[in-house]
Structure formats: structure tokens, C-alpha cells
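Novice: coordinates only, no sequence provided:
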């Protein structure tokens, strides 16, 4: 995992130049992934959090090593007494001075320099427990980082799919406006010729205005989708750009082992390491029952001048055993044991929930992919039906009611097919997220 973190850090540094560049007018999926990897603030924050836990893990080993401290101190002491009047005289060093009023004073300069080395020899398992807990917390954070990457990948894929959908919808609604205008003109001619009633003409104009409204909404939807995609990439910009690609998906395996997959997700590993952290917490709590043994060595120099010349050394070995802590250690152990049982229960609950989510998202994806095929067949049939219906209506073989119904069915089918392809891509993103996978490296 350290290698993975180093690779991500290198990718962030290597792609810094991309951040300063302007967003291209057209973005492919691969370009969106590269930009989001560098700029998404949530991903950057999660990576920095991971580095913090890594540093804490490294720092947990410090108690295994001796602690070395260097100190230096200077002191100036002055004292005086007596009130007799006399002549003033002085002497240096530690001698006294006779004051003008017959008093005497003394002063002392004292300098100390020392180096102290201390080492904990035994602490009842506190240090190993702290190291184990820091390690577990670090690995849990690695799993959390993978979860965050998969979530951002889901957001990015969904936003990219929404952008493609908005662009295709704009093209589709523009074509619908053209068809509705053509239909309205045809019906107007029939109305002027006395072969169609006013209600049919008014309804055809209403259908045209509805098509224009849908087109304007599609234009606004493109703008909103563009901003959504830019937000996920972490490059909020007012510049206009488009997405390049197609709304297509890949069919997943028919019957995967969801129970097995649930134990391969980053959520599962995060809960595993949370359990290990709770287990280490018991070791830490029980250290309160154990003695602490430590040794120390001090080399010290003292003198009335700086730097001190005379000195000596001392060594000590100490041991302490807690006798009574008011029940604190007992209750700390009980709390730690309860936290472990809670972590084990959370692990089982997480695996069960993951298996269900995987099964549900897999079923949704298969259903959406199958639905796209049905929608495409329906569009093909409705287009043929619309071509035939237009000719029949022009020849007076069918009524406007039937012709309008055929046109409405085609519009509905085209919109449903486009929405179905978008939903399938989002379902694919959901399936990847449930597995803890994604396109973010």
C-alpha cells in the first residue's frame, strides 16, 4: 500500500502541469479521469489524511528507542543583610560586598549542562499495543482511501454520462422541434383547405411549442451538466466544453458469487482493520495492570563559569507497579472488549449489506442493459410506423388523432431509449462502486 500511495503522489506531482492548462473544448473519458485524479479536492484531502495516518504509524515506534535530552541552565543568586553604615568595598566570585550602610551582600553564578538518556524496558505491552493500533488505523485508512476513490469514480462516470445524455438530448429535441413544425404546417394546410378541424391545428401548434420548450430545457440541462462534470473534476470553470464518447456499457458476469465479492471490497478490509484496532485497544487497556520498568543515564557538569568544567554522571533503574487506580483500568478493559465485540458485529453487518447491495446493483445493471435493447427495437419500429402514418395522414387514410398518437409514441420512444442508455451507464457505475472499483488510479 505504501507503493500505491507513492505512485499516487508521483501521479499528482507529474500531472501538476495539466492543472494549469485550460480545459480542452472536447473532453474524452480518459481526460476527465486524469484531470479528476489531480484536481478533485475530496481525493486530495483523502490522500493527505492517509499520509497523516502513515506518519502516526511511523511515530508509534518511537517508544522502542531511547530518548535523549540535552539541557543547559544558568542561575544568578543574590542575597544581602545588615544595616550598618560603612565604606563600600567589593570582591568578585562568591565573595561578599560591604554596603554603604554597613550591610553585606553575596552573589553566586551557577551553570549546569547535562545530557540524559532514558529507555523504557517494559511497559506491560503498552508500546506494542500502540504500534498495533496505529498499524491497524493506517491500513483501515488505506481501505477508506480506496472507498473514496471508487466513490469519486462513480460521481465522475455519472456526471460524464449525464453530460453525454444532455448533449444527445439537445440534438434529439432539436430534431423533434423540426418534426413538430413540419407536422403543424401540414395540418395548417389541411385546416386552410377545410379538411381538418381547428382543434387539430391548435393541438399541433401546442405540440410544437412543447417541443420548443423541451429544446430550451435541454439547452439549460447541458449547461448544468457541464458544471456538474467540472465540479467533480475539481476545475470549476465558466468555459464551454463538451464531452466526447458514447453511452455504452459492458455486460457483467451472469451469476457472480456475491458473498465472495463482499469479502473483497475495500469496505470489508476497512472493517477488518477496525477490528484489529479494537483488539489492540484491549492490549493497551490491560497495560494498566502491568509494571513499568525504565532505565536512565545522566552526564552532568556544574561550574561557576560557562561552559562548566567539573561534572559527573549518574545512572538509575526504576520500576513502578500500579496498585489502585480507582477502577479506571478495569473499566478501560471492559470498554475495549465491548468495542471489539462491536467491531466484529459491524464486520458481519457490513459483509451482509455489501452482498445485498452487490446483488441489487448487478440485477439493476442487467435489467437496464436488457431494457436498452428493447428501447432501441421500439424506436426502430416507431420510426417505421411514423413514416407510414405520415403518408397515410397526408392521403387522408387515418385521422389526425391517430397521426398525433403515432408521433407522440415516436417522441416518447426516442426519449426513453436515450434515458435508458444513460441509466445503464449510471447502473454500471453503481456496480463498480459496490465492488470498490473505478477508473481513478
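Specialist: That came through fine. Predicted model only: the values in this text are computed from it and were never measured.

Novice: which elements pack onto the helix or strand where residue 427 lies?
Specialist: Residue 427 belongs to helix 400-434 when assigned by DSSP states H and E. Counting by 3 or more C-beta pairs under 8 Å, 6 or more residues apart in numbering; DSSP states H and E, the packing neighbours recorded for helix 400-434 are helix 126-192, helix 198-233, helix 328-394. Bear in mind the C-beta positions are built from the backbone N, C-alpha and C, glycine included.

Novice: and the ones you listed, which is most packed in?
Specialist: helix 126-192 (a mean of 20; mean count of other C-beta atoms under 10 Å).

Novice: hang on, the earlier thing: any chance of a markdown table for the helices and strands packed on helix 400-434, columns mean pLDDT and distance to residue 301?
Specialist: Below are the helices and strands packed on helix 400-434 laid out as a markdown table (pLDDT from 0 to 100; distance: least, C-beta to C-beta, whole Å):
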| stretch | mean pLDDT | distance to residue 301 |
| --- | --- | --- |
| helix 126-192 | 95 | 32 |
| helix 198-233 | 95 | 63 |
| helix 328-394 | 95 | 42 |
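
Novice: any idea which of those helices gets closest to residue 289?
Specialist: Residue 289 sits nearest to helix 328-394 of all the helices and strands packed on helix 400-434, at 5.9 Å, using C-beta to C-beta.

Novice: quick one on the thing from earlier: next, the angle helix 126-192 makes with the helix holding residue 427.
Specialist: Relative orientation of helix 400-434 versus helix 126-192 (axes from the mean of the first three to the mean of the last three C-alpha atoms, to 10 degrees): 170 degrees.

Novice: give me the mean pLDDT for helix 400-434.
Specialist: Helix 400-434 shows a mean pLDDT of 96.

Novice: who wins for proximity to residue 426 among the helices and strands packed on helix 400-434?
Specialist: helix 126-192 (5.1 Å).

Novice: quick one: that closest one to chain centroid distance?
Specialist: In terms of C-alpha atoms, centre = their mean, to the nearest Å, the centre of helix 126-192 is found 17 Å from the chain centre.

Novice: now stretch 28-36
Specialist: On the basis of C-alpha atoms, centre = their mean, stretch 28-36 sits 18 Å off its chain's mean C-alpha point.

Novice: and the contacts of that stretch?
Specialist: Under the contact criterion C-beta atoms under 8 Å, 6 or more residues apart in numbering, stretch 28-36 has outside partners 15, 18-19, 23-24, 27, 43, 152-153, 156, 160, 229, 232-235, 243-245, 439-441.

Novice: repeat that with 10 Å
Specialist: Stretch 28-36 has contacts (C-beta atoms under 10 Å, 6 or more residues apart in numbering) with 11, 15, 18-19, 21, 23-24, 27, 42-43, 152-153, 155-157, 159-161, 163-164, 229-230, 232-235, 243-246, 438-441.

Novice: next, the angle from the helix holding residue 427 to helix 198-233.
Specialist: Here the directions of helix 400-434 and helix 198-233 differ by 10 degrees (the same axes, to 10 degrees).

Novice: surely residue 249 is in a strand?
Specialist: No - per DSSP: H, G, I helix; E, B strand; the rest coil, residue 249 lies outside any strand segment and is coil.

Novice: wait, it sits on residue 371?
Specialist: No - applying C-beta atoms under 10 Å, one finds residue 249 not in contact with residue 371, separated by 11.3 Å.

Novice: what residues are shared contacts of those two?
Specialist: Common neighbours of residue 249 and residue 371, using C-beta under 10 Å, 6+ apart, are 421, 423-424, 427.

Novice: closest to residue 337 out of those?
Specialist: Using C-beta to C-beta, residue 427 comes nearest to residue 337 of the shared contacts of residue 249 and residue 371, at 42.8 Å.

Novice: just checking, the closest one touches residue 368?
Specialist: Yes - using C-beta under 10 Å, residue 427 is in contact with residue 368, at 4.6 Å.

Novice: give me the common contacts of these two.
Specialist: Common neighbours of residue 427 and residue 368, counting by C-beta under 10 Å, 6+ apart, are residue 249.

Novice: quick one, what contacts the residue lying closest to residue 135 once chain neighbours are set aside?
Specialist: Leaving aside its chain neighbours, residue 135 sits nearest to residue 57 (5.6 Å; criterion: C-beta to C-beta, 6 or more residues apart in numbering). Neighbouring residues of residue 57 by C-beta under 10 Å, 6+ apart: 131, 133-139, 141.

Novice: quick one: the helices in the stretch 1-150 of the chain?
Specialist: Under the criterion DSSP state H, counting those that start in this stretch, helices of the stretch 1-150 of the chain are mapped to 2-14, 16-20, 29-39, 41-59, 126-192.

Novice: distance to residue 323 added to those helices, as a markdown table?
Specialist: Listed next are the helices of the stretch 1-150 of the chain as a markdown table, based on distance: least, C-beta to C-beta, whole Å:
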| stretch | distance to residue 323 |
| --- | --- |
| helix 2-14 | 43 |
| helix 16-20 | 59 |
| helix 29-39 | 57 |
| helix 41-59 | 31 |
| helix 126-192 | 18 |
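
Novice: which of the helices and strands packed on helix 400-434 sits closest to residue 400?
Specialist: Proximity to residue 400 (C-beta to C-beta) singles out helix 198-233 among the helices and strands packed on helix 400-434, at 4.1 Å.

Novice: could you give the angle of that closest one to helix 41-59?
Specialist: On the basis of the same axes, to 10 degrees, helix 198-233 is oriented at 30 degrees to helix 41-59.
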